[in-house]
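*Asks:* Using only what follows, build the 3D model:
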Amino acid sequence: MADFSLAGKVALVTGASSGIGRRQALALAQAGVAVVLLGRREAQLQAAVAEIEAVEARAAAIFADLGDRDQLPKLAERAMAPFGAIDILINAAGVNFRQPTEEITLESWDTTLNLNLAVPFFLARELVPAMEVKGWGRIINIASLQSSRAFANGLAYGASKGGISQLTRAMAEAWSRHGITCNAIAPGFFPTELTAPVFKDSDQLDKLAAQTAIGRNGELSDLDGLTVFLASPASDYITGQVIHLDGGFTAK
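*Replies:* As a prediction, the model looks like this:
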């Protein structure tokens with residue numbers, strides 16, 4: 001019988017104030033995980049904590065800007081303060097400026113590659129030693145459809161998410177022998193702040209839904225099962241994988 005038990009585990013979820021990160025934090029909390037939510041927006045994070053506590057689960061919030069890489073060691077220490085060492089890290093924080101190629105600046109490029117690609121590695125590296133002591137850990141990155149295909153106005157974002165695919169494999173190679181698996185979820189089109197411009201265009205939404213094998217775009221609740229599975233002992237022999245949660249978008 002597969003072991004999906006997560007009772008007693010502790011997770012850190014970045015980008016947890018909204019969208020995918022917030023939903024994943026809730027899914028883990030409902031599975032018995034004590035969750036630390038990290039993000040920049042205090043009001044939204046407090047609301048997310050209240051949502052989790054309403055289902056009689058444990059949660060704490062850290063308000064911080066992940067873009068400042070020099071602060072990552074301190075953030076890792078702060079993340080371990082509420083409930084102890086982190087067992088599960090979900091790197092859900094990200095940015096997508098949706099700029100035409102000719103409008104990409106050095107600043108927007110650096111911001112995108114830093115938050116979407118560099119921070120997941122450097123934050124994970126701060127947390128891995130405590131996972132190694134336990135001989136068990138989970139790192140879940142957020143990839144994208146743009147990890148493997150191109151979309152208009154997505155050059156910098158696509159570069160960062162293509163990098164996440166390889167980063168996931170490289171992290172798995174480095175740490176899996178210590179019992180720490182690393183996988184990535186590549187969502188299709190879900191209603192989040194990053195996809196808000198897309199979800200405002202009903203015609204485009206219909207076209208995207210038609211591109212899926214299932215015939216609809218994603219709902220945030222679709223994240224729950226895969227998130228809990230990859231975080232649990234049931235996925236012990238899965239590492240270095242990018243799993244598309246896209247309703248079959250990439251199958252067609």
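
*Asks:* Now do the nearest residue to residue 138 once chain neighbours are set aside against residue 43, distance only.
*Replies:* Among residues not flanking residue 138 along the chain, residue 88 sits closest, at 4.4 Å (Cβ to Cβ, 6 or more residues apart in numbering). Any C-beta I mention is one placed from the backbone N, CA and C, and that applies to glycine too. Separation of residue 88 from residue 43 (Cβ to Cβ, to the nearest Å): 25 Å.

*Asks:* So for those two, which residue has more residues nearby?
*Replies:* Neighbour count, other Cβ atoms under 10 Å: between residue 88 and residue 43, residue 88 has more, with 25 against 9.

*Asks:* got the contact list for that one?
*Replies:* Residue 88 makes contacts with 6, 9, 10, 11, 12, 28, 33, 137, 138, 139, 140, 231, as judged by Cβ atoms under 8 Å, 6 or more residues apart in numbering.

*Asks:* thinking again about what came up before, angles on the backbone of the residue nearest to residue 138, please.
*Replies:* As for residue 88, its main-chain torsions (degrees, to the nearest 10) stand at phi -130, psi 130.

*Asks:* Mind checking what secondary structure residue 89 has?
*Replies:* For residue 89, the assignment made with DSSP: H, G, I helix; E, B strand; the rest coil gives strand.

*Asks:* Report the beta-bridge partner residues of it.
*Replies:* With DSSP bridges applied, residue 89 shows beta-bridge pairing to residue 12, residue 139.

*Asks:* Tell me where the stretch 51-200 of the chain is predicted with low confidence.
*Replies:* Within the stretch 51-200 of the chain, no range satisfies pLDDT under 70.

*Asks:* unless I'm mixing things up, residue 67 is touching residue 111, no?
*Replies:* Yes. The criterion here is Cβ atoms under 8 Å, and residue 67 meets it with residue 111 at 6.8 Å.

*Asks:* strands paired with the lengthiest strand in the chain, and their directions?
*Replies:* As assigned by DSSP state E, the longest strand anywhere in the chain is strand 180-187. Taking DSSP bridges as the criterion, strand 180-187 forms sheet pairs with strand 137-142 (parallel), strand 242-245 (parallel).

*Asks:* next one: the shortest one to chain centre, how far?
*Replies:* Right, the one you point to is strand 242-245. Its chain's average C-alpha position is 12 Å from that of strand 242-245, according to Cα atoms, centre = their mean, to the nearest Å.

*Asks:* Now the strands paired with strand 180-187 in CSV, please, with extra columns for distance to residue 74 and mean neighbour count.
*Replies:* Shown next, in CSV, are those (distance: least, Cβ to Cβ, whole Å; neighbours: other Cβ atoms under 10 Å):
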stretch, distance to residue 74, mean neighbour count
strand 137-142, 20, 26
strand 242-245, 30, 18
